[in-house]
Structures are given as C-alpha cells and as structure tokens.
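S.K.: everything below, folded, please.
(one chain, ligands or ions: 1)
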Amino acid sequence: MKMEPAQLIAELSEMGISRGPILDAVRYVPRSAFVPKEQIKHAWENRPLPIGSGQTISQPYTVARMLELASVSSGERVLEVGGGSGYAAALIAYVVGDLGSVTIVEILPDLAARARETLRRIGLKSVMVVEGDGRKGHPPRSPYDAIIVSAQARQIPPELLEQLAEGGSLVMPVAENDVASLTRVVRRGERFVTTRHGAYAFVPLV
Ligand code: SAH
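M.R.: Next up is the predicted model:
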C-alpha cells in the first residue's frame, strides 16, 4: 500500500506528536528527495530507510519526537549532529523558519555532500552542512538553542553541552547497552537538568 502524507500525519498525531509546526514540517518536506530511487515508494512510511554507506534516514516519528522534546521553535539556532541525508535538518529548518538557523555536522564525506546537494535542490539554502566529527559540535555558530544528536553513544560529549545556550535543550539517545534512552538536558545556568524519555534504537556515533 502506498502511503500518503495525510496518513503519516495521522499516525504521528496518534503516537502523541501534537505541535502544529512539527506536523506541518513533516507534511511539507518531501522525504522522497532524501532517499535513493528504489526507496521512493516507501518515502511516506513511518520507518527508517537505507540511504547507502550503511546509514539510514531517520524515522519521521523519531525526528518529530526529538524536536518536541527539544521544544524547537521559530527563530531558534539549532545544531544537528549526524546529519545523514539532511531530512531531519529540513524539518528543523521548516520549524525555525527564516529567522532561525540550522547547522548539521556529518562525519561521512559522501553523505555530507549529498545532504548539501539535496537541501539546495529543495530550496533550503539556509542549512549549513559541515563535514567532520560532530562530537566536537561546531563552535563558530554556538551557542545553540537546541542540539539534536541523531546517533547514540554511552555519554553526552561535554563539548556539546558547552555549546548550549542558557535555557537551551540537548536531546540525544544515550546508550546503556544496545538500547538507548532518549535523554534531554536543559541548561539552567551552571546546572544541566537531565530527564529520560523512553527507549529507542539509533545507529552509533563513531
Ligand atoms: N538525521 C539523519 C539520520 C542520521 S543517521 C537523517 O534524517 O537522515 C546518523 C548519522 O550520524 C549517520 O549519517 C552517521 O554517518 C552520522 N555520524 C555518526 N557518527 C558521527 C560523528 N561522530 N559526527 C558526525 N556524524 C556522525
């Protein structure tokens, strides 16, 4: 059965995604532009899909959930570590709008190049794609109102916490074993307030 955007939106709402701008972003960003030709027929399905180089494009629900947890909103400066295909970045760009900014760091050069090209093709020129190790963040554009880490690791890299703005949130899957807890850290002065929000499986941060 070929899924349509409306079905995906209905499914995300049922799963508890409630913020309008996030649902609108999923509706308007053409996920098909971010997947290889043979996956286009699955583009509106709510699951991760292979994008080559052993990596996957995130599941729409997972990105939506991370954006809700990080309270990403209009005008914010956002960093995503593990940019992959650029799909999550496109959703973020839609939510933050023209007054915000989006920076993604991707370690695999071919994926970074492809993400840059896809984002330009769909008209999202405002996303900056940086090739490199995202554990170090991207200090030149810090501090960030939100940092989304799209790959799991045992610990939150301290450099990322340093690049968080006052009141900003970092959302990252932190792995104890194979399963990771989706973890949110909110910066309150010198304190980092940490909460966990369920188990998810991600590819590892290398
Ligand atoms: N959000 C992406 C999917 C991310 S999959 C999308 O919507 O398509 C996780 C990505 O993290 C992979 O592309 C992987 O290459 C990248 N990655 C893994 N370790 C990394 C690191 N240390 N720095 C930056 N990117 C990393």
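
S.K.: how about low-confidence regions in the chain?
M.R.: 1-2 (pLDDT under 70).

S.K.: what does it have sitting close to the ligand?
M.R.: Within the chain, the residues that sit near the ligand (CB under 6 Å from any ligand atom) are 55-58, 81-82, 84-85, 87-88, 105-108, 111, 133-135, 150-151, 203, 205-206. Backbone N, C-alpha and C define where each C-beta goes, glycine included.

S.K.: now with 8 Å?
M.R.: 34, 48, 51, 53, 55-58, 63, 80-89, 105-108, 111, 115, 132-135, 150-151, 202-206 (CB under 8 Å from any ligand atom).

S.K.: which strands and helices lie in contact with the longest helix seen in the chain?
M.R.: Assignment by DSSP state H gives helix 109-121 as the longest helix of the chain. Contact partners of helix 109-121 among helices and strands, from 3 or more CB pairs under 8 Å, 6 or more residues apart in numbering; DSSP states H and E: strand 49-52, helix 87-96, strand 101-106, strand 127-131.

S.K.: got a list of what the residue nearest to the spatial centre of the chain touches?
M.R.: In the chain, the centroid-proximal residue (CA atoms, centre = their mean) is residue 88; its distance is 4.1 Å. Residue 88 sits next to 58, 63, 66, 80, 148, 150 when contact means CB atoms under 8 Å, 6 or more residues apart in numbering.

S.K.: one more: residue 101?
M.R.: By CB under 8 Å, 6+ apart, the neighbours of residue 101 are 77-78, 126, 128, 141.

S.K.: can you give me the distance of the spatially closest residue to residue 129 that is not a sequence neighbour to residue 5?
M.R.: Nearest non-adjacent residue to residue 129, counting by CB to CB, 6 or more residues apart in numbering: residue 116, 4.3 Å away. The gap separating residue 116 from residue 5 is 25 Å, by CB to CB, to the nearest Å.

S.K.: ok, these two, which is more surrounded?
M.R.: residue 116 (19 against 15; other CB atoms under 10 Å).

S.K.: what separation do you get for that one and residue 136?
M.R.: Counting by CB to CB, the gap from residue 116 to residue 136 is 20 Å.
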